[in-house]
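# What would the 3D arrangement of this be:
(chains A and B)
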Protein chains: 2
Amino acid sequence: MSKRILVLILIVAIALGAAGTYAGLAFFASGSSSDSGISSDDQNLLSQLSEQQQSLEENMGKMSKVVDAFSIIQENYVEEVDDQQLVEGAINGMLESLEDPYSVYMDQETMEQFNEQIEASFEGIGAEVSMVDGNVTIVSPIKDSPAEKAGLKPNDQILSVDGESVEGLDLYEAVNKIRGEKGSEVVLEVSRPGVDDPLEIEITRDSIPLETVYSETKEVNGKTIGVIELTSFSENTATDFKKALTNLEDKGMDGLVIDLRGNPGGLLPEVEEILKNFIPSDKPYLQIEDPSGKKTRYFSELESAKGYPIVSVIDGGSASASEILVGALNEAMDYDIVGEKSFGKGTVQQTVSMGDGSTIKITRFKWLTPDGNWIHEKGIEPTVEQKMPDYYYTNPMQLEEPLSYNQSDDQIENVQIMLEGLGYEPERTDGYFNEATKSAVEAFQSDQDLDVTGEVDQKTAEVLQTSIVEKIRDGQDDKQLEKALEIVSQ
Amino acid sequence: MSKRILVLILIVAIALGAAGTYAGLAFFASGSSSDSGISSDDQNLLSQLSEQQQSLEENMGKMSKVVDAFSIIQENYVEEVDDQQLVEGAINGMLESLEDPYSVYMDQETMEQFNEQIEASFEGIGAEVSMVDGNVTIVSPIKDSPAEKAGLKPNDQILSVDGESVEGLDLYEAVNKIRGEKGSEVVLEVSRPGVDDPLEIEITRDSIPLETVYSETKEVNGKTIGVIELTSFSENTATDFKKALTNLEDKGMDGLVIDLRGNPGGLLPEVEEILKNFIPSDKPYLQIEDPSGKKTRYFSELESAKGYPIVSVIDGGSASASEILVGALNEAMDYDIVGEKSFGKGTVQQTVSMGDGSTIKITRFKWLTPDGNWIHEKGIEPTVEQKMPDYYYTNPMQLEEPLSYNQSDDQIENVQIMLEGLGYEPERTDGYFNEATKSAVEAFQSDQDLDVTGEVDQKTAEVLQTSIVEKIRDGQDDKQLEKALEIVSQ
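Down below sits the predicted model:
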């Protein structure tokens, strides 16, 4: 790897993102705080701008056809067109021509959301909300958040925000109204189950940390197994992981399960720090391939591996940094992976600021597993395949007409799988509404105090869905975690 | 409408396109041949380029961020990127930002195909081909084409083109091999039913005209009804239509049906010429709205309407110029429209050459019906709604496993509708494979000399599909045309 590239890796912003849902911005300069990191980024930007200046004239020439097209559109289009719209369209179009979903342009607004995720915090009231029966409902206030301190409770339904009704808004729109700058105030009108009149609750917004590390212990086969769940790789993930790991080791755990399901990735240095806990210095934990095809292997300074077994859990939502982690744990250490094939993202992105708050995130490198495999668009296969119960994969239903006996329909299949998941016995799950399905629907309706019709109308479908969501949230049937615990405790 | 805009309408290339499948390029200067048209286009291009020169510097400034992005991508992307790719990407991106599917960039290759459609001709051998049981099969050679002269017959299966096997190619790929420049030679190896050894047929390619006007007469209720089908609005469509119309009038027809089903549109002047046969000078046949919102009404010089009734037939594939035609016939003349709601394209495009063979097609105007309705994204409702039999809307099937008794599946629904369309009686068409469906499958298999299994395997599915395609081609159940004939002959 050339000196120039090395410098880039050491200083420049590198981002890992996955599936269009998440991406991270990181700084390789070890020990650099977020602030100093941003200043290295700025320095790099300056040097890049100077390079650009040199080629600006040359590139202007190459782009003259684009400028012509800009003029043609502005002069001829049937409606008035904003210059900024065309400029952003052109940048988006160039990036789209790369046919790489990870090379994207982020305008100022997108950039703010991106930074929130990177920094693993946002400014708001600190409550998880969900749409329940069309109402914006508090699922749970985050511990020590302004929402909790102000007395918001689970199942509170939000009626209005600062006097404006949230009726008809979708969840995203409602959340946008509730969120706001740290220090600002918001008044929520709330309907609480069991309380007749709506409550007015005043909350001062604050900076809310987003937890990315959750840990617990499980007793399995007489052994104490630590379980660490990582929801993404954000700014404090490696530090929090290390704390959780030390805590579990102090408790004398006999084995560790790392749960990476639904983890879309994040910051490359964070996953590197985590790997340095597990992969000894004699084996690479990662390879990076630069545009010239040159590969560099990365090593830790760790003397020896952990004395306890480690099993990871992945699914189709485990991407990018999650795949770096399990790829290394498996290939370098032969640790098992339980679950379903991972997403398959084998590239590293860099962010380059455009100087006006907008940014280009562009694929800069490929990362390879310790053995040099590029898993891009392939994913990582678990060593022990384990699916979740079928009802985990059912879909929300929108029924125009009730489903009833002797009909045949895809939605009936969905209903049958849900019924089966809840312990009823529809006998078939192929979409044909047979006698047994009718009986199962009747039993479910009776148990839920619904009108016992044997038909699935919108109301019954909604209660079915809520029951399934509750059952999934309950985690009783987590076959993948069960399998991982079984293996690690053997 | 200002003078400048008027000049544009009179001289500039105007194109109408629909549904991404077709678009046309036209010249308003009446009597201009295609050649002189192109030269007016060039003149206009020159004047536009001079306008562009004036604003070039200004636009360069506006586009500097795009040039920066170009540099960032070229310097950082993980793979080497072609300049041309980014330039075309930027132009595509600007056009995409308009969120108008009809404003598009066409590179040189696309432009050639586009011109073929406009000019209603292509260079090749002149045979309609289709994929039958996985074989590229001649449906029919076009009259007087090189294919017919060389002796190609319907049902000939093409095995190879210039010695290269077509096995594994899709229809589009095979057609691309067969097509080629006028004057060039191609050798087809052909398997002919009833002939043991493959035949080698040498054909000299030529320019093949594409017919867009088909006419016939029908005797209904003791009256002679003329039927003219228009498949698109290309360079000679109005002239050919006029010929067909005169011919039918000479035969003393009592009414006219104009069939516009599946007609995606084409050249604005062609549909205008056609309308001038029917809409007298006291009523506008069309309105055009310019970017400023100013509307201009267009009139013919026709003295009086036709003495016979006229009914149009449309479906969801009737777009653009087709909609101009039926919109005017209905609103100005109160003629009936039979069929299904049309596509809904209410804009007029202009093509601007980029000087290197590539072209920007951009939406320049809205067109409105005589009464000033803009049907964009709404379509035109028939005055007499009439669907085709259900089997017209069935889909090709790809079966991994045979469909059999007591199963429930979307593909079974498809099979049931096909069986019903062919006169068998599956009793239900909702995707549940009941006893009656089994009996119907057995009867079909017996009639077709297939193994009588009562199950639908891939072979049975293919024969079903072929039977349906033949039945549709046969035109026996053309309920929409029947309804139109019934109305026009009352």
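# Looking at chain A, which residue is nearest chain B?
Nearest to chain B in chain A, going by CB to the nearest CB, is A:Gly93, at a distance of 1.7 Å. Any C-beta I mention is one placed from the backbone N, CA and C, and that applies to glycine too.
# Show the pLDDT at that residue.
On pLDDT, A:Gly93 comes in at 97.
# hang on, isn't it packed against B:Leu98?
No. Under the criterion of CB atoms under 8 Å, A:Gly93 makes no contact with B:Leu98, lying 11.7 Å away.
# who has more neighbours, these two?
Using other CB atoms under 10 Å in any protein chain shown as the criterion, A:Gly93 and B:Leu98 rank with A:Gly93 on top: 26 against 20.
# ok, now which ones touch that one?
B:89-94, B:96 (CB atoms under 8 Å, 6 or more residues apart in numbering or on different chains).
# Locate it within the secondary structure: which element?
Here A:Gly93 is covered by helix A:83-97, with elements defined by DSSP states H and E.
# What of A:Met253?
Of the helices and strands defined by DSSP H and E, none includes A:Met253.
# what about the nearest residue to it once chain neighbours are set aside, neighbour count?
Of all residues not flanking A:Met253 in the chain, A:Gly226 sits nearest, at 4.1 Å (CB to CB, 6 or more residues apart in numbering or on different chains). Counted with other CB under 10 Å, residues neighbouring A:Gly226 total 24.
# And for the one 4 residues further on?
For A:Leu230, the tally of surrounding residues (other CB under 10 Å) stands at 30.
# Now A:Arg473: phi and psi?
Main-chain dihedrals, A:Arg473, degrees, to the nearest 10: phi -60, psi -30.
# likewise A:Glu164?
Here A:Glu164 shows phi and psi, under degrees, to the nearest 10, equal to phi -100, psi 130.
# Now do the contacts for it.
A:Lys177.
# With A:Met388 instead?
A:Met388 neighbours (CB under 8 Å, 6+ apart): A:315, A:477-480.
# re the thing from before, which residue, neighbours along the chain excluded, lies closest to the residue of chain A closest to chain B?
Leaving aside its chain neighbours, A:Gly93 sits nearest to B:Gly93 (1.7 Å; criterion: CB to CB, 6+ apart).
# Over to A:Lys341?
Ranked by CB to CB, 6+ apart and with sequence neighbours excluded, the top spatial neighbour of A:Lys341 is A:Gly379, at 4.5 Å.
# what's the burial count for the one you found?
Look at A:Gly379: counted by other CB under 10 Å, it has 19 neighbours.
# B:Glu79 versus that one, what's the distance?
Applying CB to CB, to the nearest Å, the value for A:Gly379 to B:Glu79 is 21 Å.
# first to last residue in stretch A:397-407, what's the distance?
16 Å (CA to CA, to the nearest Å).
# Give me the mean pLDDT for that stretch.
90.
# For A:Leu329, give me phi and psi.
Dihedral angles (degrees, to the nearest 10) for A:Leu329: phi -60, psi -40.
# list the contacts for it?
A:Leu329 makes contact with A:258, A:275, A:278-279, A:310, A:312, A:335, A:337, according to CB under 8 Å, 6+ apart.
# how does it look with 10 Å?
Neighbouring residues of A:Leu329 by CB atoms under 10 Å, 6 or more residues apart in numbering or on different chains: A:258, A:274-275, A:278-279, A:285, A:310-312, A:335-337, A:370.
# same check, this time on A:Met131
Residues near A:Met131 by CB under 10 Å, 6+ apart: A:137, A:169-172, A:174.
# Apply 7 Å and report the result again.
Counting by CB atoms under 7 Å, 6 or more residues apart in numbering or on different chains, A:Met131 touches A:Leu171.
# A:Glu79 and A:Asp478: what is the separation?
For A:Glu79, the distance to A:Asp478 - CB to CB - is 53 Å.
# Compare these two (neighbour count), which wins?
Taking other CB under 10 Å, A:Glu79 and A:Asp478 do not tie; A:Asp478 has more neighbours (18 against 10).
# Would you mind measuring from the residue lying closest to that one once chain neighbours are set aside to A:Ala461?
Closest residue to A:Asp478 apart from its sequence neighbours, by CB to CB, 6+ apart: A:Met388 at 7.4 Å. Separation of A:Met388 from A:Ala461 (CB to CB): 21 Å.
# swap in A:Thr369?
Counting by CB to CB, the gap from A:Thr369 to A:Ala461 is 44 Å.
# What of A:Gly134?
14 Å.
# just to revisit the earlier point, which member of the contacts of A:Gly93 exhibits the greatest number of neighbouring residues?
For the contacts of A:Gly93, the largest number of neighbours (other CB under 10 Å) sits with B:Ala90, at 33 neighbours.
# Excluding chain neighbours, what is closest to that residue?
A:Ala90 (3.9 Å).
# next one: A:Leu481
Here the residue nearest A:Leu481, using CB to CB, 6+ apart, is A:Val313, at 6.2 Å.
# Okay, now the sheet partners of the one helix or strand that neighbour maps to, with direction.
Here A:Val313, judged by DSSP H and E, is contained in strand A:310-314. Strand A:310-314 pairs in its sheet with strand A:255-259 (parallel), strand A:337-339 (parallel), by DSSP bridges.
# what's in contact with the last one?
When contacts are taken as CB under 7 Å, 6+ apart, the neighbours of strand A:337-339 outside the stretch itself are A:261, A:311-315, A:326, A:330, A:380, A:382-384, A:386, A:480, A:483-484, A:487.
# Check which element follows it along the chain.
Heading C-terminal from strand A:337-339 (DSSP H and E), you reach strand A:347-353.
# Just give the strands next to that following strand in its sheet, each with its orientation.
strand A:14-15 (antiparallel), strand A:359-368 (antiparallel).
# what's the closest of the contacts of A:Leu329 to A:Glu189?
A:Glu189 lies nearest to A:Ile258 out of these, by CB to CB, at 42.7 Å.
# Tell me what that closest one is bridged to.
Applying DSSP bridges, one finds that A:Ile258 bridges with A:Ile228, A:Ser312.
# since we're on it, how many residues are nearby?
Burial of A:Ile258 is recorded as 27 neighbouring residues (other CB under 10 Å).
# Verify the stated contact: it with A:Ile225.
No. A:Ile258 is not in contact with A:Ile225 according to CB atoms under 7 Å; the separation is 11.3 Å.
# measure A:Phe299 to A:Lys276 for me?
Distance, A:Phe299 to A:Lys276, by CB to CB: 9 Å.
# before we move on, the earlier item: is it possible to export the contacts of A:Gly93 to a markdown table including distance to B:Lys306?
Shown next, in a markdown table, are the contacts of A:Gly93 (distance: CB to CB, whole Å):
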| residue | distance to B:Lys306 |
| --- | --- |
| B:Gly89 | 51 |
| B:Ala90 | 51 |
| B:Ile91 | 46 |
| B:Asn92 | 46 |
| B:Gly93 | 49 |
| B:Met94 | 46 |
| B:Glu96 | 44 |
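# which one among the residues you listed gets closest to chain A?
Once CB to the nearest CB is applied, the member of those that ends up nearest chain A is B:Gly93, at 1.7 Å.
# lowest-confidence helix or strand of chain A?
Here the helix or strand of chain A ranked lowest by mean pLDDT, DSSP states H and E is helix A:3-11, holding a mean of 26.
# those strands in the stretch 51-200 of chain A, which residues are they?
A:104-106, A:121-124, A:127-132, A:135-141, A:157-161, A:164-165, A:185-191, A:199-204 (DSSP state E, counting those that start in this stretch).
# Which neighbouring elements make contact with the fourth one?
Under the contact definition 3 or more CB pairs under 7 Å, 6 or more residues apart in numbering or on different chains; DSSP states H and E, strand A:135-141 sits against strand A:127-132, strand A:157-161.
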